[in-house]
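Sharing a model prediction with you, sequence too.
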Amino acid sequence: MGATVRRNKDRLYVGLYVRRSAGKMAGGEERYHWALLRGPKFEDEDTLYKKYQAIDTAENAPGGGESSTSSSSSSPTQARATPMSPLSPAVSTAPTASLSTWMYDEQTIPPYDLMLLARVLIGKIRNPMRFEDVVRAVPVPANRNSFTWVQAALEALASDTIGPMGKSSNLAWPAVCSAATEYIDQKATEHRYDGLAPVGQFDFSKPATFDLLLGKEIVP
């Protein structure tokens, strides 16, 4: 028999996090740390997510430049507050390239932490076991970064013949990348990250969330 049909399938998001080290990509994608987030359809204070990502072990060392570390995002009791503005000047604290070692990383986290700037809902996970098999098999060679790893992971999920994702999922990289970067720029313009928004405009207990499947924002 095929995969068991599951109601209220887990959702898959692309998450964009604060990154303090300077990026090099022409489109500015490396202003952020990129990760895949998997969580239930309905969230409450006890909800936990799975986070899948590629990390630079040198940048994640004490004093390194990457903000999305295991220690900063894995605690369910993380305090909640307005995150750093993504438009702040990058702090070039990353070590030399020769010390960089990219590796796959997987964490169990609360839906929101201080460094998560925005997330974009891109699909429903039909077969969780197959999903993790595919994601864990995505290679992380030395010249990868969090952005290119997420791209490779979505392409692997889209091409997998067993089909870990629901039919309504949108894994097309150009659409996902464009939606994520445009959305986070929109939230920056609305002052979600710099403390200049009117009091009460945003609920900082939840991450800004755009639903790419419906084409609308679901958490401002």
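Structure's in. What do you need?

And the pLDDT at the residue nearest to Thr108 when sequence neighbours are not counted?
Closest residue in space to Thr108, ignoring its immediate chain neighbours: Leu48 at 5.3 Å, by C-beta to C-beta, 6 or more residues apart in numbering. Yep, even glycine has a C-beta here, placed from its N, CA and C like the rest. Note on Leu48: pLDDT of 94.

Could you do the one 10 residues further on as well?
The score at Ala58 is 75. That number is its pLDDT.

can you check Met1 too?
pLDDT, Met1: 42.

what's the answer for Leu87, then?
For Leu87, the model assigns a pLDDT of 49.

circling back to that earlier point, which residues touch the residue nearest to Thr108?
Gly39, Pro76, Thr108, Ile109, Pro110 (C-beta atoms under 8 Å, 6 or more residues apart in numbering).

Check Pro40 too.
Neighbour list for Pro40: Asn8, Asp10, Arg11, Thr47 [criterion: C-beta under 8 Å, 6+ apart].

just checking, the third one touches Glu43?
What that stands for is Arg11. No: between Arg11 and Glu43 there is no contact under C-beta atoms under 8 Å: 9.6 Å.

Looking at these two, which one has more neighbours?
Comparing Arg11 with Glu43 by other C-beta atoms under 10 Å, the one with more neighbours is Arg11, at 24 against 15.

That one: what's it in contact with?
Listed by C-beta under 8 Å, 6+ apart, the contact set of Arg11 reads Arg38, Gly39, Pro40, Lys41, Leu121, Gly123, Lys124, Ile125.

Which elements pack onto the helix or strand containing the fifth one?
The reference is to Leu121. Per DSSP states H and E, Leu121 falls inside strand 116-124. On a contact count with 3 or more C-beta pairs under 8 Å, 6 or more residues apart in numbering; DSSP states H and E, strand 116-124 meets strand 11-18, helix 173-189, strand 208-211.

Done for today, thanks.
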